[in-house]
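# Any chance you can model this:
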Amino acid sequence: MRKLLILAAVVIVIFGVGSVVSRTVLQHAATNNTDTPIFLPSYILDTSKADDLFVLADNAHLTANSVVQADAAVVGRESIIVDGQIDGELTAMGGDIRLGQNSHVSGAASLIGNRITLAGVIQGDLSVVADTLVILPDAQLNGVLELCTSHVTNESALELSTRSCSASELATWQSLRDGTLAQQAISGGGFSLASFLITGLIALALAAFSGLIVTIFPRPFGYMTQAIRNVPARVTRIGCFTQLLVVALLVLLGVIIAVLPPLGLVLLPILALLLLPFLVLCAVGWMTMALLTGDWLLRRFARRTSLPMLTMICGALGLFLMWTVLTILPFGPIFGLLMPILVATVGLGAAIMTRVGTRSPARSYFVQG
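Purely as a prediction, here's the structure:
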């Protein structure tokens, strides 16, 4: 228990340090000429910037004196105003987007918003997804236009070639802009026979492969299933803290990349090598849980046991059917995500506790008396 508390404290400290450092780095980036992402309530650029620009703000304004000598990506929840020069490509997504008379985009432009107003120069291709598009007389659009809008007001002499957007396509883009797409995906459940059959065949193939592995290595899986049966709470705690440690390491790596990019790139292959055994342990843990599920199903409904391969296939298909039922319920994506995480957590703890089935979970106790 003491080791688990120490591990929990380390995870909390890593999360805290990462949060403070990342917040400091992001705020510092707002006043420095770097390509670090900028997160601010309100952002104004009135100088020249040699690197790529990435801004996430409520309101963003690139003034007439601003020059971005590379690509620019701006997300503004309420408004985006571009009055300066962008030598690369422009990607803008938000509420109201306006390219003023002094704006000049040398590359292509992709704009997603509620109301988009164009009065500047765009040398490259233009892609627009909006409820309302207004093209003022001074606008110069020299590339190919791809417009997906509900209302278009063209006050210029340009001949526009637009296409009609379906209501569902436009609603999807607008939900992405408003940030409600994730909410719709989380709250909505659904069932598709085609996807069910395809994923069912994939699950059956994986179950057969897992059954072959269990047949070749019966004793290690026997030790792991025994650990789950004997001490389920302990293996669950081990699995949870292992996953938290992996998440903490990923967060720490992200902070290192933000603060010291060269060091972060050096550590990235090392972390990948460390994650590979973790993924293997998760796969072994899942197979262990499928084996336990199949044994329970056969004992419960068939009143008998079977060969390890058949038990594995039965358990894997049982878990797949359970996952399918959960995904079609309200808030199904949440349950569909939590179930494999929970299954992998318990199985992961058993794999670590028994050293991938090489050590029996049974313990010997010495009693003095």
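# From now on I want contacts and neighbour counts done on CA atoms only, so please keep to that.
OK.
# got any ranges where the stretch 101-250 of the chain has weak pLDDT?
Applying pLDDT under 70 to the stretch 101-250 of the chain picks out residues 160-196, 199.
# Mind jotting down where the strands sit in the stretch 101-250 of the chain?
For the stretch 101-250 of the chain, strands defined by DSSP state E, counting those that start in this stretch occupy the ranges 104-105, 109-118, 121-122, 126-135, 140-141, 145-154.
# can I get the ones you listed in JSON lines with mean neighbour count?
Below are those laid out as JSON lines (neighbours: other C-alpha atoms under 10 Å):
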{"stretch": "strand 104-105", "mean neighbour count": "23"}
{"stretch": "strand 109-118", "mean neighbour count": "22"}
{"stretch": "strand 121-122", "mean neighbour count": "22"}
{"stretch": "strand 126-135", "mean neighbour count": "21"}
{"stretch": "strand 140-141", "mean neighbour count": "20"}
{"stretch": "strand 145-154", "mean neighbour count": "17"}
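# Which positions are bridged to Q140 in the beta structure?
Bridge pairing for Q140 (DSSP bridges) gives the partners V121.
# In contact with it: list those residues for me.
With contact taken as C-alpha atoms under 8 Å, 6 or more residues apart in numbering, Q140 is in contact with A119, G120, V121, I122, Q123.
# Please state the offset of stretch 223-233 from the chain centre?
32 Å (C-alpha atoms, centre = their mean, to the nearest Å).
# repeat for stretch 49-68
That offset, for stretch 49-68, works out to 26 Å (C-alpha atoms, centre = their mean).
# Buried ones in it, by neighbour count?
49, 52-64, 66-68 (16 or more other C-alpha atoms under 10 Å).
# now stretch 250-257
Residues of stretch 250-257 classed as buried by neighbour count (16+ other C-alpha under 10 Å): V251, L252, L253, G254, V255, I256, I257.
# on that earlier part again, how about the strands of the stretch 101-250 of the chain in TSV, adding distance to R300?
Below are these laid out as TSV (distance: least, C-alpha to C-alpha, whole Å):
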stretch	distance to R300
strand 104-105	68
strand 109-118	55
strand 121-122	68
strand 126-135	55
strand 140-141	70
strand 145-154	56
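# To P340, which of these lies closest?
Relative to P340, the nearest member of those by C-alpha to C-alpha is strand 109-118, separated by 35.1 Å.
# list the helices and strands the closest one packs on?
strand 90-99, strand 126-135, helix 167-178 (3 or more C-alpha pairs under 8 Å, 6 or more residues apart in numbering; DSSP states H and E).
# For it, which strands pair with it and how are they oriented?
Here, using DSSP bridges, strand 109-118 pairs with strand 90-99 (parallel), strand 126-135 (parallel).
# Okay, angle between that strand and strand 145-154 too, please.
10 degrees (axes from the mean of the first three to the mean of the last three C-alpha atoms, to 10 degrees).
# Could I have the CA atoms of strand 109-118 written out in PDB?
Coordinates of each C-alpha in strand 109-118 appear next as PDB, following Å, rounded to 0.1, in the frame of the first residue of the first chain:
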ATOM      1  CA  ALA A 109      -7.200  30.000 -47.500                       C
ATOM      2  CA  SER A 110      -9.600  27.700 -45.600                       C
ATOM      3  CA  LEU A 111     -12.300  29.500 -43.700                       C
ATOM      4  CA  ILE A 112     -15.000  28.000 -41.500                       C
ATOM      5  CA  GLY A 113     -17.300  30.400 -39.600                       C
ATOM      6  CA  ASN A 114     -20.700  31.800 -39.100                       C
ATOM      7  CA  ARG A 115     -20.400  35.000 -41.100                       C
ATOM      8  CA  ILE A 116     -17.400  35.500 -43.400                       C
ATOM      9  CA  THR A 117     -16.600  38.800 -45.000                       C
ATOM     10  CA  LEU A 118     -14.000  39.100 -47.700                       C
END
